[in-house]
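> Whatever this is, show me its structure:
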Amino acid sequence: MNNFVLRTIVGIIFSLAVIGSAFAGPIAFSLLFGFFTIKGVQEFLRMTAPDLRRNLRRVAMALAGIFYLFYVLNAEFGFSGQWLFVPAIIWLLILCIEMIRVNESFISQMSALLFGFVYVVIPFSLLITLANFLGAFEPKLPFGFFLILWANDSGAYITGKFLGKHKLLEAVSPKKTWEGLVGGMFVAILSGYFLTDVLSNTLAREHWIAVAAIVAVFANLGDLIESQMKRIAGIKDSGRLLPGHGGVLDRFDGLLVALPLVIIYLITFVK
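Sure thing, here's the model as predicted:
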């Protein structure tokens with residue numbers, strides 16, 4: 001089986017799993033992205049703090065899972081939001097304890113732990129906020145978001161492959177071009193325009209277009225940020241979870257930057 005066929009099969013299975021989990025209900029959706037949250041933290045720390053002690057990495061992964069769990073319980077079942085402070089405080093206590101240790105890599109390792117929480121855990125948790133934005137779990141909202149995200153990726157890939165001539169940031173991502181960037185943005189916004197017709201009783205057309213515009217800009221920025229981190233770490237992929245596609249961070253790099261801004265927009269201009 002050649003790489004293209006493998007990549008295509010894995011991509012289809014992955015997409016069906018993500019969308020299928022949303023329409024399967026809040027438990028399936030939360031479990032899948034809880035796994036992605038923990039795995040994403042693992043990949044991030046291996047990439048940014050490779051010398052971090054294994055036990056400390058495991059504690060960080062456990063705290064990420066606990067925070068995500070409490071977030072889901074709060075959003076779906078009205079569990080007290082005060083419990084969200086527990087893993088966050090423990091996380092900070094670990095930073096304080098590590099400060100006492102004589103470790104030349106303290107600043108870089110603790111920065112990786114802190115940034116990993118902001119960069120990985122919070123965006124994945126916000127998927128639950130997106131799914132419940134209309135007052136109850138609504139799979140059409142994450143479905144629409146992922147459609148826009150994937151439309152942006154596909155548009156950028158196809159346009160860049162056939163029309164790309166001018167490099168975007170060759171030092172960071174040699175294959176990306178300005179033509180691909182513009183093509184991806186156009187396809188993303190176009191998909192946002194038609195989502196109101198496909199996903200009724202969700203968001204008005206102007207809001208889907210605004211969400212698509214945010215994704216079109218910041219998902220590409222997220223892609224470049226992760227590419228830069230991988231280049232600094234000297235690795236090709238963040239992980240090997242998905243053959244032909246890399247790891248969790250490789251598949252969700254755009255989401256990690258775009259989704260928090262989408263949530264800010266929705267809270268500010270829709271509610």
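> what about F85, neighbour count?
12 (other C-beta atoms under 10 Å). Yep, even glycine has a C-beta here, placed from its N, CA and C like the rest.
> can you pull the pLDDT of it?
pLDDT, F85: 81.
> and what of the one 5 residues further on?
Per-residue confidence at I90 stands at 83 (pLDDT).
> part of a helix, is it?
Yes - counting by DSSP: H, G, I helix; E, B strand; the rest coil, I90 falls inside a helix.
> what residues are up against it?
I90 makes contacts with L63, as judged by C-beta atoms under 8 Å, 6 or more residues apart in numbering.
> how much space between it and K167?
44 Å (C-beta to C-beta, to the nearest Å).
> And the helix or strand hosting V5, what's buried?
Assigned by DSSP states H and E, V5 falls within helix 3-24. For helix 3-24, burial by neighbour count (16 or more other C-beta atoms under 10 Å) applies to 18-19, 21-22.
> Tell me the helix or strand right after that helix.
Counting by DSSP H and E, what follows helix 3-24 is helix 26-48.
> in this structure, which helix or strand is least confident?
helix 85-100 (a mean of 78; mean pLDDT, DSSP states H and E).
> Buried residues, that one. List them.
Across helix 85-100, burial judged by 16+ other C-beta under 10 Å covers 87, 91, 94, 98.
> Can I get that helix in CSV? Just the C-alpha atoms.
Extracted C-alpha coordinates of helix 85-100, given in CSV (Å, rounded to 0.1, in the frame of the first residue of the first chain):
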residue,chain,number,x,y,z
PHE,A,85,-9.2,25.3,39.9
VAL,A,86,-8.0,22.0,41.5
PRO,A,87,-5.9,20.7,38.6
ALA,A,88,-4.8,24.2,37.7
ILE,A,89,-3.6,24.8,41.3
ILE,A,90,-1.8,21.5,41.4
TRP,A,91,-0.1,22.3,38.1
LEU,A,92,1.1,25.6,39.7
LEU,A,93,2.3,23.8,42.8
ILE,A,94,4.4,21.4,40.7
LEU,A,95,6.0,24.4,39.1
CYS,A,96,6.9,25.8,42.5
ILE,A,97,8.2,22.4,43.7
GLU,A,98,10.3,22.1,40.6
MET,A,99,11.7,25.6,41.1
ILE,A,100,13.4,24.3,44.3
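> Next secondary structure after it?
Using DSSP H and E, the next helix or strand after helix 85-100 towards the C-terminus is helix 106-116.
> now for that following helix, which elements pack on it?
helix 26-48, helix 54-77, helix 85-100 (3 or more C-beta pairs under 8 Å, 6 or more residues apart in numbering; DSSP states H and E).
> ok, now with 7 Å
Counting by 3 or more C-beta pairs under 7 Å, 6 or more residues apart in numbering; DSSP states H and E, the packing neighbours recorded for helix 106-116 are helix 26-48, helix 85-100.
> out of the ones you listed, which comes closest to L195?
Among these, helix 26-48 comes nearest to L195, with 19.0 Å by C-beta to C-beta.
> Show me which parts of that closest one are buried, residue by residue.
Using 16+ other C-beta under 10 Å as the test for burial, helix 26-48 gives 26, 29-30, 32-34, 36-48.
> Skipping adjacent residues, who's closest to V182 in space?
Among residues not flanking V182 along the chain, T159 sits closest, at 7.2 Å (C-beta to C-beta, 6 or more residues apart in numbering).
> which ones are touching that neighbour?
Applying C-beta atoms under 7 Å, 6 or more residues apart in numbering to T159 gives the contacts 179-180, 183-184.
> Mind telling me what element it is part of?
Assigned by DSSP H and E, T159 belongs to helix 140-163.
> how much distance is there from that helix to the middle of the chain?
With C-alpha atoms, centre = their mean, to the nearest Å as the basis, helix 140-163 stands 14 Å off its chain's centre.
> Which one (most neighbours) among the contacts of T159?
G184 (27 neighbours).
> Doesn't that one lie inside a helix?
Yes - judged by three-state DSSP, G184 forms part of a helix.
> rewinding a little: now, which of the buried residues of helix 85-100 sits nearest L221?
Nearest to L221 among the buried residues of helix 85-100, with distances taken as C-beta to C-beta, is W91, at 26.0 Å.
> hang on, that closest one packs against F115?
No - contact criterion C-beta atoms under 7 Å: W91 and F115 do not qualify, at 11.8 Å.
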